[in-house]
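Student: got a sequence here, can you model it:
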Amino acid sequence: MLNHSAEVSLSKFMTKLLRHTPQQYGLFLDPEDGSCLLEELLAVINAAPKWSHITEEDIRQTVTNSEKQRFAIEGERVKARYGHSHTKVAYEPGTPPSVLYHGTHQNALPAIVKEGLQPMGRQYVHLSEGLHFATLAGSRRGKLVLLAVDTVKAVESGVTFYYAGNEVWLAEPVPPACIAPLSAPEEQ
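Tutor: Numbering: from 1, shown residues only. Got it, this is the predicted structure:
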């Protein structure tokens with residue numbers, strides 16, 4: 001059983017493998033859903049000397065305990081739910097709640113007000129149903145700013161939304177007219 005620190009480290013390595021540079025490690029993901037066999041992921045992880053002791057159970061533990069729920073295991077397959085930067089993963093369009101949230105930082109706000117929400121090197125804009133995930137995402141790079149996205153207005157503007165699971169929604173770029181800043185949680 002991995003301790004918390006080892007889980008976090010393994011999660012970061014799995015993120016690299018399943019979201020960003022799979023081919024660099026000889027891992028080939030299904031072009032439809034971005035998944036691979038759990039045993040293939042384990043073999044790639046075990047090939048790295050630091051991770052030669054990792055078991056399938058360790059991967060399952062890391063997936064289950066991941067605070068951001070970045071991964072999903074379905075049967076014998078594993079995938080990143082969202083955040084891919086390597087190839088476009090297909091998601092089914094869905095109807096989101098009327099408001100979704102996006103966490104960002106103060107320095108990014110002027111560009112968002114001007115240009116809207118952009119994928120910024122990823123395939124989609126990441127949004128969440130609640131403030132928890134938005135806060136986690138937005139507090140990584142500076143003073144937290146939470147944004148509310150009016151999804152009804154966004155759909156009317158031509159934005160398509162995709163459900164990635166576990167309260168996470170993905171979207172094409174969201175126009176500025178559909179976005180409103182919220183006060184920070186400590187100010188509410």
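Student: packing partners of the strand or helix carrying Glu39?
Tutor: Element membership for Glu39, per DSSP states H and E: helix 38-47. Applying 3 or more C-beta pairs under 8 Å, 6 or more residues apart in numbering; DSSP states H and E, we find helix 38-47 packed against helix 4-15, helix 56-65, strand 77-80. Every C-beta, even on glycine, is put in place using the N, C-alpha and C of the backbone.
Student: helices or strands up against the first one?
Tutor: Contact here means 3+ C-beta pairs under 8 Å, 6+ apart; on that basis helix 4-15 packs against helix 38-47, helix 56-65.
Student: nearest to Gly138, of the ones you listed?
Tutor: Using C-beta to C-beta as the measure, helix 56-65 is the one of these that comes nearest Gly138, at 21.8 Å.
Student: roughly how far out does that closest one sit from the chain middle?
Tutor: 17 Å (C-alpha atoms, centre = their mean, to the nearest Å).
Student: stretch 157-173 too?
Tutor: How far stretch 157-173 lies from its chain's middle: 11 Å, per C-alpha atoms, centre = their mean.
Student: again with stretch 114-134
Tutor: 9 Å.
Student: related to what we said a few turns ago, got the contact list for the helix holding Glu39?
Tutor: Residues outside helix 38-47 that contact it (C-beta atoms under 8 Å, 6 or more residues apart in numbering): 10, 13-14, 17-18, 25-27, 51-52, 54-56, 59, 73, 76-78.
Student: how about 7 Å then?
Tutor: By C-beta atoms under 7 Å, 6 or more residues apart in numbering, the surrounding residues in contact with helix 38-47 are 13, 17, 25-27, 51-52, 54, 56, 59, 73, 76-78.
Student: please spell out the PyMOL selection for the buried subset of those.
Tutor: Buried members of the contacts of helix 38-47, defined by 16 or more other C-beta atoms under 10 Å, are picked up in PyMOL with:
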select buried, resi 13+17+25+27+51+54+59+73+77+78
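Student: any chance of the contacts of helix 38-47 in a markdown table, with distance to Gly130 too?
Tutor: Shown next, in a markdown table, are those (distance: C-beta to C-beta, whole Å):
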| residue | distance to Gly130 |
| --- | --- |
| Phe13 | 27 |
| Leu17 | 28 |
| Tyr25 | 33 |
| Gly26 | 37 |
| Leu27 | 32 |
| Trp51 | 33 |
| Ser52 | 38 |
| Ile54 | 31 |
| Glu56 | 31 |
| Ile59 | 27 |
| Ile73 | 23 |
| Glu76 | 31 |
| Arg77 | 27 |
| Val78 | 25 |
